[in-house]
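# Quick check, what structure comes out for this input:
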Amino acid sequence: MISAQVIWSKALPVLQEEMTPTSYKTWIKDIQPISLEGNTLILMAQNETYVNTLRQFYAGIVTECVNKANGSNYNVSFIMKQENEPVVSVPTQGSGEQGVFFGVQSKYTFDTFVTGESNRFAHAAAVAVADNPASAYNPLYIYGGSGLGKTHILHAIGNYVHEMHPEFNICFVSSEDFTNDVISAIKYDTREELRNKYRKLDLLLVDDIQFIGGKEATEMEFFNTFNALHGANKQIVITSDQSPKDLPFLQERLRTRFSWGITADIKPPVVETRVAILTGKAERDHVDITGDALLYMAEKFSSNVRELESCYNRVVLYADFSKRTTIDRSFVEVVLRDYVSSEGKHMVTPELIKQVTADYFNVTVEELVSTRRDKRIAVPRHVAMYLCRTLTNISYPDIGKAFGGKHYSTVMYSCDQIASEIGNRTDITTAIDDITNRLTNDLTPFPSRN
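Residues are numbered from 1 along each chain as shown. I've put the predicted structure just below:
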């Protein structure tokens, strides 16, 4: 008598041909065939979320491929443990003309997103949304700390949906850009153009929604945009640094709407995932770096992916300067010696960081904490805030207080800005290296830079 395992093994190659690689890997690859009960093939998925998604969106194609591969007429049922419920399937959306597609960066895809225990659920939810916009989870709300891959997921959803539905109108926008659009619409009386831009979308991707908090006109416009899109069954995906209930500056009615769909958090990646991230970067960059060197970086830099990647970029930059063909652990240890924790040295505090940074850039501490925004002051301020975040354990709001009462969003922006430039701009990389070395080793004054 034919077994469930044989039936399923025949179906897998057909499913692989019929589905996109991302969908197959996310939803089908780990399914386990359990038994054949009469004419029904029983398949078990990882958890309740997978079971529900398979029942709602993939039952049809799985049943079709099982029967196509086996020349049979089986039914398919998905279970989790002792659960056994009927299968439900839904139709896909139709097609149309070429839609608008803006703000999405093509380099961020699901294929380049490294999954692990810290982000697996968020990734699975994102793929479900991309496969079936406005049918799976709407809105999808993803939250987590800075540099953990939230923005990557937003762009990946946009690229995937654009590939599958080129007729869709798709927009990626940061909360800052959305706010600027609102301000411009008010200033130039172009509110109708603003509404046409956002309310005729099929997919709206909004990054760092927390930053619209306290901006009354922006919150009102986003509230109305959300209602218009959701009411028209259009997909909305939002990211933030906190869960909806923990957003203190947003109106209650917005926080409530953000919880209508599904909320998924992303946590800092475990060391194995961090190694996988670095390995993928090295392969794409064609960099010859040893496994123990990658492990060293993964073990020493664990707070977020952006910090990890900035350290990787620094190592690759130094290797390029020194014309090294292979990067080993000893080289990495030398390059990053000022960035790993060391015991027995003096305490690094925000006040010390401000003083040493001001000294390096030939500005005053008073200028660092002032409201001035000219480049001569802004760059040193960004650097000092970044160093406070990476060399101390204080939070973004507390760093803001140390810099004259700056909002925590300003601190986050400054830190992200510097992290993205390390390894790409030699002046910033050198400044971070020199100041860190002075802070963690000796406190003798810098030579005059006039």
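
# which residues touch stretch 312-331?
Taking contacts as Cβ atoms under 8 Å, 6 or more residues apart in numbering, the residues outside stretch 312-331 that touch it are 278, 281-282, 285, 287-290, 292-293, 296-297, 332, 335-336, 422-424, 426, 429. C-beta: built from backbone N, CA, C; applies to glycine.

# The same query, at a cut-off of 10 Å, please.
Applying Cβ atoms under 10 Å, 6 or more residues apart in numbering, the set of residues contacting stretch 312-331 from outside is 277-278, 281-282, 285, 287-298, 301, 332, 334-336, 339, 419-426, 429, 432-433.

# out of those, which are buried?
Judged by neighbour count, with 16 or more other Cβ atoms under 10 Å as the criterion, the buried members of the contacts of stretch 312-331 are 277-278, 281-282, 287, 289-290, 293-298, 301, 332, 335-336, 339, 419-423, 429, 432-433.

# In helices, which of those fall?
Secondary structure defined by DSSP state H assigns 277-278, 281-282, 293-298, 332, 335, 419-421, 429, 432-433 of the buried ones among the contacts of stretch 312-331 to helices.

# Quick one: end-to-end distance for stretch 159-169.
12 Å (Cα to Cα, to the nearest Å).

# So for it, what gets flagged as buried?
Taking 16+ other Cβ under 10 Å as the neighbour-count basis, stretch 159-169 is seen to contain the buried residues Asn159, Tyr160, Val161, His162, Met164, His165, Phe168, Asn169.

# Now Ser243. Nearest residue, chain neighbours left out?
Beyond its immediate neighbours in the sequence, the residue positioned closest to Ser243 (Cβ to Cβ, 6 or more residues apart in numbering) is Tyr143, lying 5.4 Å away.

# can you check Thr26 too?
Val127 (4.6 Å).

# cool, Met385 as well?
With Cβ to Cβ, 6+ apart as the measure, Ser414 is the residue that lies nearest to Met385, at 4.3 Å, once sequence neighbours are left out.

# Does that neighbour touch Ser420 like I think?
No - no contact is recorded between Ser414 and Ser420 when judged using Cβ atoms under 10 Å, the distance being 11.1 Å.

# returning to what we had before: host element of the residue nearest to Met385?
Here Ser414, judged by DSSP states H and E, is contained in helix 408-421.

# Output the contacting helices and strands for that helix.
Counting contacts by 3 or more Cβ pairs under 10 Å, 6 or more residues apart in numbering; DSSP states H and E, helix 408-421 is packed against helix 175-188, helix 305-321, helix 375-391, helix 396-402, helix 426-440.

# Tell me which of those helices sits nearest to Lys10.
Ranking the helices and strands packed on helix 408-421 by distance to Lys10, with Cβ to Cβ as the measure, places helix 305-321 first at 39.5 Å.

# quick one: that closest one to helix 408-421, angle?
In this structure, helix 305-321 runs at an angle of 30 degrees to helix 408-421, with axes from the mean of the first three to the mean of the last three Cα atoms, to 10 degrees as the basis.

# Report the inter-axis angle for helix 305-321 versus helix 426-440.
In this structure, helix 305-321 runs at an angle of 110 degrees to helix 426-440, with the same axes, to 10 degrees as the basis.

# Centre of the chain to helix 305-321, how far?
19 Å (Cα atoms, centre = their mean, to the nearest Å).

# next one: stretch 389-402
Taking Cα atoms, centre = their mean, the mean C-alpha location of stretch 389-402 is offset from the chain mean by 22 Å.
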